[in-house]
Structure formats: C-alpha cells, structure tokens
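Novice: Just to be clear, the model below is a prediction. Sequence and coordinates:
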Amino acid sequence: MVTRLSRHDLSLPAGVRAPSYDLRDVTVGIVHLGVGAFHRAHQAVYTDTVLAADPTWGISGFTQRSATVRDQLAPQDGLYTVLERGAGAAPPRVIGALREVRTQDEDGGPAARIADPRVRLVTLTVTEKGYRPDAPAVGRLVAGLELRRRADAGPISVLSCDNLTANGATLRGRVAEHCAGLPDGDRLLDWITASVAFPSCVVDRIVPATTAADRAVVMAALGMCDEGAVVAEPFSQWVIEDTFAAGRPAWDATFTTDVAPYEAAKLRLLNATHSLLAYTGALAGYDTIAAAMTDPVLADAARRLMTEDAAPTLTLPDGFDLPGYQDSILRRFADPALGHRTTQVASDGSLKLPIRLLGTARDRLSAGGTPQWTALAVAAWMVYVATRQPVDDPLAETLAAATAGRAKPADLVDSLLPVFPDDLGPSWRELLVEHTARLLHN
Ligand SMILES: NC(=O)c1ccc[n+]([C@@H]2O[C@H](COP(=O)([O-])OP(=O)(O)OC[C@H]3O[C@@H](n4cnc5c(N)ncnc54)[C@H](O)[C@@H]3O)[C@@H](O)[C@H]2O)c1
Ligand SMILES: O=P(O)(O)OC[C@@H](O)[C@@H](O)[C@H](O)[C@H](O)CO
C-alpha cells in the first residue's frame, strides 16, 4: 500500500522541496474561508515562504460547501504538494502553511477561530458566488467578527482574494449589509468600522482543478499519495493595498496604496480574454484554453480584445509594460502543460461577465468606440448558455427559462441582457445581435 503524505514521514525524495521550518513551531495567525485549489497554490505558498522567519502566521482553513477538502487534507496534517507545470516550472513543493483544515461546523467553526486574539487576518477565496446575498461566507465572517468584538480580541484585517472589482470595498459593503439585518447590528458595525481593515488585492496565478492524472504524477514524484495536491503555472503575482489593521506577513508581494490600476488591467486584459477564449473555444469544440489558442482566429480575437477594446480604457500604473503584459498573458494561455478546461473558465458567466467585460464595453461605447471583441465574448456566452444546457452558473435555472425557445439572435440577446445589472444601450444590443447571428450560423 502507498503511504499517505503526513508530517510523520517527511523523508521526501531529493528534488521535492519540503517546508524549511518545523511544523510544530507554527501557530495560527490567519483564518482562511474556502480552501479551494487557488488558495493552496497562491496565498498558502506566499505564507509558507515566510514561516521560517515568522511562524505566527500559520493558516486555519475552513471549507465552505462540503467536507471533501477537509477529508483530503486533514489526514495529511494539512500538507500537500504544489506541482508547477509549463516553461520554467520549479520542482514539486510540499506546503505546510495550512496547519488546520476544518469544515465550518467543526470546533465552533471559523467564528471561534476569528475570535482568537492570535488570529490577525482573515482571507477568503469563495468565488464570485460567495459574495451573493444568499451565500453563507459573509454571514460566517460576520459571526466571527461579532464573537471577536465580544471577546475584545482586538483589531483584525479581512482580505478578499477573489477576482472581483474593488474586492476589499465590495466585501466591506457585504459585511455592512449583513450587519444591517442583525438585531444589534449597529453596534457591531461601529466596532468593525473602528477595528477591521478590508484591504483590496489583485491575485494572479492560473490554477486549474486538479485531476486524477495530476495526483498520479505527484504520487510518482513523492513516492507517497497526496489527495490534496494542486497544479499551477510557474507565474504568480499578488498586488496588495497595504492598509492592514493588525500587522501582516512579510509576503513577497507588491504592496501599494492603490490597487485599482492593477486590478483593472488584470480583470479587463487577462480575465476578459480568458472568458472570450472559454466561450468561443468551447463553442468551437476546444477542451482547453491552450487548444483554443492554437486556433488563429481565436488567438487573434484574444489579442484584439486586449489591444483594441480593453487597453484604451485603462489608466495603467507608472512604468507598466503594456505590450509585455499582453504578450505574457497570451503565452500563459497558450501553454499546453496546464490543461485548463474551457468549461471551468466558462462557469458562473452571469457573475463574471459584468466584472470582466461590461466595464470595457461601457467605457468604449461612451467614448464613441465599438467594442467588437468584447461583444464577441458576451455573444459567445449567450450562445453557450442557449446551447449548452444546463450551464454551471448560480443563475442556471433563470438562464434556462429565459432562453427556452429563443432561436433568433435578437430574441436570444433580449432574453439574456436583463441578467446584467446595467443597460448599455441600443448600439451595444445591435453589436450583440450581429455577433450572436454569426455564431449561431457557424
Ligand atoms: N483558479 C484560479 O486560476 C484563480 C486565479 C485567481 C483568482 N482565483 C479566485 O479564487 C476563486 C476560487 O478558485 P479555485 O480555483 O480555488 O476554485 P475551487 O473550485 O477549487 O474552490 C472554490 C472555493 O470557493 C468555495 N465556494 C464556492 N461557492 C461558494 C459559495 N456560494 N459560498 C461560499 N463559498 C463558496 C468552495 O467551497 C471552495 O472552497 C475564484 O473564483 C477566483 O475568484 C482563482
Ligand atoms: O477562477 P474564476 O472562476 O474566477 O475564473 C477563471 C479564470 O479566468 C481565472 O481563475 C484565472 O485563471 C485567474 O484569474 C488567473 O489569475
């Protein structure tokens, strides 16, 4: 039988990097909500790197929807491997930063941990869905902040690491809305205003869902079974607004006073293009983003979405190398090593498109421009929704009902436009109808 990765046997083969600190020295300073693949390949890696110098920033991770990740990681004492794939990949690395992994019902859940005075930071990766009013993550966070207030456990910071616009301010807004519905919500909100910081940050690393084949590669490298392994590209970036209330780890990140220019560049260039490739690629029969990038028509559309539509809307940080950034995005997408599935990136479009694409469309239209490639991406989503039922989206039922029997391009566009928060006007609708007609007749 193959041994399972655990702290009792960390005799890893040469070529596999192990934690450089003693796991027994690490105490918990961070509570993380949503222990998905991305957290394990991004924030937990940055944190792992600082633990030798400061072991007070271990992570207590709480799963949000199921016990699967707890069952994968708890028997491994929170240890797991990050396997980099693609040009310049580093050797496999075992991460020890996750010192606890629990479901939200265990040991008082995240609330009890957030009330612990040694905890000074809460981080979240709960997807775009996790910020909807019906999602539980914000309520769990607020319950923890209330317990912390009552325990007089001191200031704390809350850092959203999801792909949202102004993720810190957005989360602060959701927290305030949640407090407004509580019996003693005003008192809690006053305490939050005085004691809790919500810095914004921009996260970037492509981390596809782990497959059984990935786990087999990790097992061959480790000589041990690792149920919690994650696969990532070598590239990693984190730009963080440096406004923490109770200290922070000395992460090897970019700290700044204003993340907004970085955020717009990342969402409107990288994520928008990712969505374009996901929908047009899936409609053309490509399984992965890299396969879609082998199609010259789609690769050209990806470049032109960035250069013709998104770039003119951006105010870039000083010294930002725009052509280099755009080239690097296309190179990253084209790397076949990752196998990022078009259907994974295509999920939750009703929530992602307003964040990634509609800001560019609005800005180009109000400047008198014609955002052709942005319209192509949104039209491709519309055709995808109409032809790939059921789609993976929190509004799946609404989308199915809206598009049922809508075979004509104009009808399809009119059935789906109300899903978005803003009406961008008749010329936008016309652009969508043109692209939808072309896609439906291809
Ligand atoms: N994977 C990437 O390449 C990547 C890169 C940058 C940013 N991100 C951000 O991280 C998020 C998670 O990505 P991932 O790859 O870890 O996905 P994943 O599917 O591996 O994990 C998703 C996590 O979100 C939680 N979640 C999902 N729906 C929720 C809901 N309604 N309420 C509360 N929690 C919910 C899940 O329980 C899980 O912990 C993304 O949505 C994105 O915002 C991901
Ligand atoms: O993770 P999601 O579902 O919000 O979006 C899918 C991808 O576009 C995204 O994860 C990118 O890979 C990532 O944002 C790169 O940093």
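Specialist: Thanks, I have the structure now. Ligands and ions are numbered 1, 2, ... in the order given.
Novice: Just the strands from the stretch 151-300 of the chain, written as ranges.
Specialist: Along the stretch 151-300 of the chain, the segments classed as strands by DSSP state E, counting those that start in this stretch run 156-160, 196-197, 201-204, 230-232, 237-241, 254-256.
Novice: List phi and psi for the most centrally placed residue in the chain.
Specialist: Centroid check for the chain by C-alpha atoms, centre = their mean gives residue 162 as the closest residue, at 4.2 Å. With angles defined as degrees, to the nearest 10, residue 162 sits at phi -100, psi 160.
Novice: Report the contact partners of it.
Specialist: 124-128, 130-131, 203 (C-beta atoms under 8 Å, 6 or more residues apart in numbering). Every C-beta, even on glycine, is put in place using the N, C-alpha and C of the backbone.
Novice: hang on, the earlier thing: dump the strands of the stretch 151-300 of the chain into CSV; add distance to residue 372 and mean pLDDT as well.
Specialist: Formatted as CSV, the strands of the stretch 151-300 of the chain follow (distance: least, C-beta to C-beta, whole Å; pLDDT from 0 to 100):
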stretch, distance to residue 372, mean pLDDT
strand 156-160, 32, 99
strand 196-197, 41, 98
strand 201-204, 26, 98
strand 230-232, 33, 98
strand 237-241, 29, 98
strand 254-256, 33, 98
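Novice: any chance of these in a markdown table, with mean neighbour count too?
Specialist: As requested, the strands of the stretch 151-300 of the chain are exported to a markdown table (neighbours: other C-beta atoms under 10 Å):
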| stretch | mean neighbour count |
| --- | --- |
| strand 156-160 | 25 |
| strand 196-197 | 20 |
| strand 201-204 | 23 |
| strand 230-232 | 25 |
| strand 237-241 | 20 |
| strand 254-256 | 16 |
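Novice: So which of those strands is nearest ligand 2?
Specialist: Nearest to ligand 2 among these is strand 201-204; the distance by C-beta to the nearest ligand atom comes to 3.9 Å.
Novice: could you say what helices and strands that closest one packs with?
Specialist: Packed against strand 201-204 by the contact rule (3 or more C-beta pairs under 8 Å, 6 or more residues apart in numbering; DSSP states H and E) you find strand 237-241.
Novice: For this protein, what lies in contact range of ligand 2?
Specialist: By C-beta under 6 Å from any ligand atom, the residues of the chain that approach ligand 2 are 163, 204-206, 271, 274, 345.
Novice: Correct me if wrong: residue 154 contacts residue 196.
Specialist: No. Taking C-beta atoms under 8 Å as the definition, residue 154 is not a contact partner of residue 196, at 10.4 Å.
Novice: Surely residue 412 is in a helix?
Specialist: Yes. Assessed with DSSP: H, G, I helix; E, B strand; the rest coil, residue 412 lies in a helix.
Novice: and the spatially closest residue to it that is not a sequence neighbour, helix, strand or coil?
Specialist: Counting by C-beta to C-beta, 6 or more residues apart in numbering, residue 406 is the residue found nearest to residue 412 once chain neighbours are left out, at 4.5 Å. With three-state DSSP as the basis, residue 406 sits in coil.
Novice: List the contacts of residue 406.
Specialist: 386, 412, 415.
Novice: what about the first one, how many neighbours?
Specialist: Applying other C-beta atoms under 10 Å, we find 24 residues neighbouring residue 386.
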